[in-house]
Each structure stands twice: as C-alpha cells, then as structure tokens.
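Student: here's my sequence, what's the structure:
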Amino acid sequence: MVGCEDRLGSIEGRRTALEQIERLCLAVLARRRRLDKEEEGRRVGRRWLVEPEEGERKSGGGGGDAREQRSRARETSLSGNQTITSRGGRFVLGFFTPPGSGGNYYIGIWYGEISVLTPAWVANRVTPITDQTTSELKISDDGNLVLLNQFKSVIWSTNVTTIPSSDSTVVAVILDNGNLQLRDGSNSSLVFWQSFDHPTDTWLPGAKLGFNKITKRSQHLTSWKNKVDPSPGIFTFEMDPTGLSQYLILWNMSRIYWASVLWDGHLSSLVPVGFMYHMQVVNDTDEMYITFTADVANHSMYRVVLDNDTGQIQVQVWIENSK
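Tutor: You can find the predicted model right below:
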C-alpha cells in the first residue's frame, strides 16, 4: 500500500512539473510572437486608421471618459459595425448599406449629425461586399488604404505610388469637413491621397471641382445608378475638358446634357444669385476649378448632389426638425 501511494505521488509530481513546463513554453511562444510583431512593425512602419487627436472609433456605449479614451486610441483596421467619427462629430467613416439594396455593403462617409443615413462619399461603389463582419478596411504595408472582402482579396485601394519608405508613419484621418485623408503621421500637410480629389455624387464645402491642365485629370461628380445603388450612373458633372470656362453635365459620359454659360469673371454667370454659400473660381497655369464655402450660421448642413433621376445639380439643406 505504501509503495502504491509513493508511486501515485511521483506520477502527480511529474504531471505538475509537465504542466508548469507547458505553461512556460506557451509564455515563451507568446513573447516570441509579440516580439516578432513588434519587429515587423518597425520594419514596415506604423499604419493607423486614425490619428489620436483627429477622430475616434466607436463600437457602442461609453460616456465622456470612454469617448476621450477612444479619441486617443490608434486603430489599425475597421470592420463590422465599427465606425470612425470626425473630431466634431460631423462625419462618420464606416460600412453602410443603402436601405433596399439587398444586403450590399460599402465603405463610405456619411453625415454624423443627420438622423437619416445620407452618404457623402463611397469608396467601393463599383464592387460592393456582402459580409462586412469579415471584410476589413486597413492601411497595407505599402501605405495604401485598402478594402479587403471576406476572402481577403483587395477590392478597392487608394492606389498611391508616391508614399515614402516603409519606415514612415502613415495615417488615415476623417476630417470635420468630410474629407478622408491618407497622410504622413508626423507632417499633416504631406497628403498622399484624399477623398476630396475623388468625389462621387456629392460636392462638399471646401472641395473643388475642376480640371488639372497638366495631368489632364478632373474632379467631377457622377450620379448614383439609382437610390439604392451607388455604382456610377448616367450623369456626370464636370469642367469642360477642352479648357473652356464652363461646366457640363454629360449623359453617359458622351453627350452634353447641359452646359453653363461661359464664365466671364463674374460668379453670377455660373451659379444662381442668392444662394447661401460663397463661390470661388480659380484659373491659373496649372488648373481651373470652382469651390465654395457654406454659410453654416444660417443652415445646419449643405448637400450639393447630382441627382440620379433628372441629372440636375441640387443644393439640399437639411434642417433636423423638418426631416
């Protein structure tokens, strides 16, 4: 009997020792993985979806303290119902689905202070995803902002080739004017890409619509296909690519549907008088464009949009109590 008890005690002791060794090995492996990840981060640089001073990531709940902590957090990706809100809460970046679209999801920017979902910009308007929980918006190793679908295939990218060496810090920031910027983390004036240069159907205050005389590229609006499908529709609003000082609405990118009068140096020849915004036209050796600022003291929100049904440029103002 004594011999059996000694043998059982010996077995239990060896089992305990093996468990301790196993825990030690797991701890070593975990540390090794963490060190490898840190080394990879040093090797490819730091990629953040939001700067701590410029935005916050929301996943629901939380009070003021939690909001402050989130605003200081740096995130590396965005998926599911997670969103990033501009500092003042005016615009939100995240996945959305237009009501009635049949479950198609898009990465977009919408108004944060409007109770009805109102997208102002769409990234993957040509290629929707069907599962936002396994899709991911992130900054890739080469510094580009990319959208991965559930199969981890890139379906949309900023596709910038001028991002510096891989040891730099690259951040993506949603600003309070609705502009999504991909820029240098230590120099906010060094912008590699911005959504203002790639508008969809909505023209926001501060953005410009025009034509670059050197690159021959334009910033133009393209209507949605219909109210539930943000893919490119049949109407386009752009500066005359021939260099004439006028704006055109094209049907199917080929036929002139409408043309403004030639600009004679007076803004009244391009826009109606009495609108509650201030226009500016720039025409120099490099580019020609028009931009505007809104009179936010009188109206809460502006939406200049190319209507998908009529092809008209509509100036819409949202007043919350009127819906």
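
Student: so after the helix or strand bottoming out on mean pLDDT in the chain, what's the next helix or strand?
Tutor: Scoring the helices and strands of the chain by mean pLDDT, DSSP states H and E places helix 64-72 at the bottom, with a mean of 35. Moving toward the C-terminus from helix 64-72, the next helix or strand (DSSP states H and E) is strand 77-78.

Student: what helices or strands is that next one leaning on?
Tutor: strand 91-96, strand 136-139 (3 or more C-beta pairs under 8 Å, 6 or more residues apart in numbering; DSSP states H and E). For glycine as for every other residue, the C-beta is placed from the backbone atoms N, C-alpha and C.

Student: centre of the chain to the longest one, how far?
Tutor: Per C-alpha atoms, centre = their mean, to the nearest Å, the displacement of strand 91-96 from the mean C-alpha position of its chain is 7 Å.

Student: what pairs with that strand, parallel or antiparallel?
Tutor: Here strand 91-96 has these sheet partners by DSSP bridges: strand 83-86 (antiparallel), strand 106-111 (antiparallel).

Student: which parts of the stretch 151-300 of the chain are strands?
Tutor: Here the stretch 151-300 of the chain has its strands, by DSSP state E, counting those that start in this stretch, at 154-157, 169-174, 180-184, 191-194, 202-203, 208-212, 218-219, 221-226, 229-239, 247-251, 255-259, 277-283, 287-294.

Student: what helices or strands is the fifth one leaning on?
Tutor: Read that as strand 202-203. Strand 202-203 packs on strand 119-122, strand 302-306, going by 3+ C-beta pairs under 8 Å, 6+ apart.

Student: run the last query once more with 7 Å
Tutor: Counting contacts by 3 or more C-beta pairs under 7 Å, 6 or more residues apart in numbering; DSSP states H and E, strand 202-203 packs against strand 302-306.

Student: now swap in the last one and tell me
Tutor: Of the remaining helices and strands, those touching strand 287-294 by 3+ C-beta pairs under 7 Å, 6+ apart are strand 208-212, strand 277-283.

Student: would you turn these into a markdown table with distance to residue 82?
Tutor: Formatted as a markdown table, the helices and strands packed on strand 287-294 follow (distance: least, C-beta to C-beta, whole Å):
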| stretch | distance to residue 82 |
| --- | --- |
| strand 208-212 | 31 |
| strand 277-283 | 33 |
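
Student: flag the shaky bits of the stretch 101-250 of the chain, pLDDT-wise.
Tutor: Regions of the stretch 101-250 of the chain meeting the criterion pLDDT under 70 cover residues 165-167.

Student: show residues contacting stretch 303-322.
Tutor: 114-115, 118, 201-203, 221, 223-227, 233, 235, 237, 249, 251, 257, 275, 299-302 (C-beta atoms under 7 Å, 6 or more residues apart in numbering).

Student: what subset of those residues is buried?
Tutor: 114, 201-203, 221, 223-224, 233, 235, 237, 249, 257, 301-302 (16 or more other C-beta atoms under 10 Å).

Student: part of a strand, is residue 25?
Tutor: No. Going by DSSP: H, G, I helix; E, B strand; the rest coil, the assignment for residue 25 is helix, not a strand.

Student: how about it, what does it touch?
Tutor: With C-beta under 7 Å, 6+ apart as the criterion, no residue contacts residue 25.

Student: break the chain into its domains for me.
Tutor: 45-196, 199-323 (automatic domain parsing).

Student: okay if I get the ones you listed as a markdown table plus distance to residue 20?
Tutor: Output for these, formatted as a markdown table (distance: least, C-beta to C-beta, whole Å):
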| stretch | distance to residue 20 |
| --- | --- |
| domain 45-196 | 35 |
| domain 199-323 | 58 |
